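[1] Let me see the structure of the following:
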Amino acid sequence: MKIIDCDRHVIEPIDIWQRYANSSVLAEYPLELSYDNESKKKERIERGLPDVSLSPSYTIASLPVLSNWGEKHQIAAALVKEQSKKDIARATTPIGQVLSMDKDGIDKALIYPTFANLIVNHSQIPSYVSLEYTRAYNCWLRDYCTYNPERLKAVALISRHDTNSLLKQIEEVVTNGWNAISIRPEPINGKTLGHPDYEEFWLSCEKNNIVVTFHGGTHLQGDTVGIGRFDNRFCLHACSHPMEAQMAFISLLEAGVLERYPNLQFAFLEAGCSWVAYWLWRLDNICFDEFPSMIEKNIKMKPSEYFKRQCWVSVEIGEPIKDTLDIIGHEKLIFGSDYPHPDHLRFDVNEIAMNMPELSKNQLDDILYNNPRKLFGI
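    Residues are numbered from 1 along each chain as shown. I've put the predicted structure just below:
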């Protein structure tokens, strides 16, 4: 069984910023790690808290990189993180990454950021800082993937802080020989994905055959759904990925992006695919015919038809997918492991078929290998 992992992560070593970022930006907005120590741990134990060491805390110019990541969350993470420590260490280097792929039976992988995604989309940093850290990360990623470019496929990180910078960023992606980008699904700096200021960006992505992938996350310092309503990881994590994916799709749909750029391809990652069936049913049957005059310019066919034409979605091993198969088929489904993040299930390639009984062998082969080959041209 051959597998292309469409959602595999690096863990960025802290020293990459010193090596790749502009020194003046680094001096003004330093990226630092604050480490736990025995004194802090002893004080927590005296307060009746568990005897665990916490992971380092990331800051940018003394601002926390993660939102809603207080002591109780850090302790909860430490209690379960032990099992993924080796994987996290492996993902810091390309050698370790490839070894982990060998272990997991992965043929090729699309490579995504971890902390860089939170840093460059941080709502409290200016656009020039976001852009510089984006550039630095992508330079490091280029070197990382050069170790084995046949197996490590770079996905460029894009900063949305300044929409005037987007065309230049796409030029850099093309110069690197890459054909996929990663952006957040949320509004960034008050602009949704359907904002008119993105028009030239979408045009450039379509012209250059760039696949646009959406990869959200739970603890962004930004406008992720659930923030402001919940402060518990359980609630925030439940909401962030699938709800942001739904809203990203409808933002593109309502603004006419899908109508105007019919060859532009989008992939929704780490949200599962079960939401697709309900969302498309609702959009097709409840919303589409309600007020035709309000959508006739930008939505000229049923929402499900746009999705089937232009959108791809990653599956979670074991999730209920029958309704999604009935609506869009299996041809737009792909697989991503989210390695090495501890919130996702570790898997055995020999157990995938057992956990997805709805799929035939040919369908499973398509999802794990043939579909992503078609999408990303690899």
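[2] how far away is the residue located most distally from the centre of the chain from residue 273?
    Relative to the centre of the chain, and counting by C-alpha atoms, centre = their mean, the farthest-placed residue is residue 46 at 38.8 Å. The gap separating residue 46 from residue 273 is 47 Å, by C-beta to C-beta, to the nearest Å. (C-beta placed from N, C-alpha, C; glycine too.)
[3] same thing with residue 177?
    Counting by C-beta to C-beta, the gap from residue 177 to residue 273 is 30 Å.
[4] So these two - more neighbours on which side?
    More crowded of residue 177 and residue 273, by other C-beta atoms under 10 Å: residue 273, with 26 against 9.
[5] I'd say the more buried one and residue 319 touch.
    Yes - assessed by C-beta atoms under 8 Å, residue 273 is found in contact with residue 319 at 7.0 Å.
[6] give me the low-pLDDT residue ranges for the stretch 151-300 of the chain?
    In the predicted model of the stretch 151-300 of the chain, no residue satisfies pLDDT under 70.
[7] mind listing the strands for it?
    152-154, 156-157, 180-183, 211-214, 266-268 (DSSP state E, counting those that start in this stretch).
[8] Which one of those lies nearest to residue 82?
    Closest approach to residue 82 among the strands of the stretch 151-300 of the chain (C-beta to C-beta): strand 152-154, 27.0 Å.
[9] From the contact counts, what lies against the closest one?
    Judged by 3 or more C-beta pairs under 8 Å, 6 or more residues apart in numbering; DSSP states H and E, strand 152-154 is in contact with helix 94-104, strand 108-112, helix 127-146.
[10] Show me what counts as buried in that strand.
    152-154 (16 or more other C-beta atoms under 10 Å).
[11] Need the residues you listed in a markdown table (columns: distance to residue 349).
    What follows is the buried residues of strand 152-154, written out as a markdown table (distance: C-beta to C-beta, whole Å):
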| residue | distance to residue 349 |
| --- | --- |
| 152 | 19 |
| 153 | 19 |
| 154 | 24 |
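[12] out of the residues you listed, which one sits closest to residue 236?
    Closest approach between these and residue 236, by C-beta to C-beta: residue 154, at 28.9 Å.
[13] what's near enough to touch the residue nearest to the closest one when sequence neighbours are not counted?
    Closest residue to residue 154 apart from its sequence neighbours, by C-beta to C-beta, 6 or more residues apart in numbering: residue 145 at 4.4 Å. Contact analysis of residue 145 by C-beta atoms under 8 Å, 6 or more residues apart in numbering lists 94, 111, 152-154.
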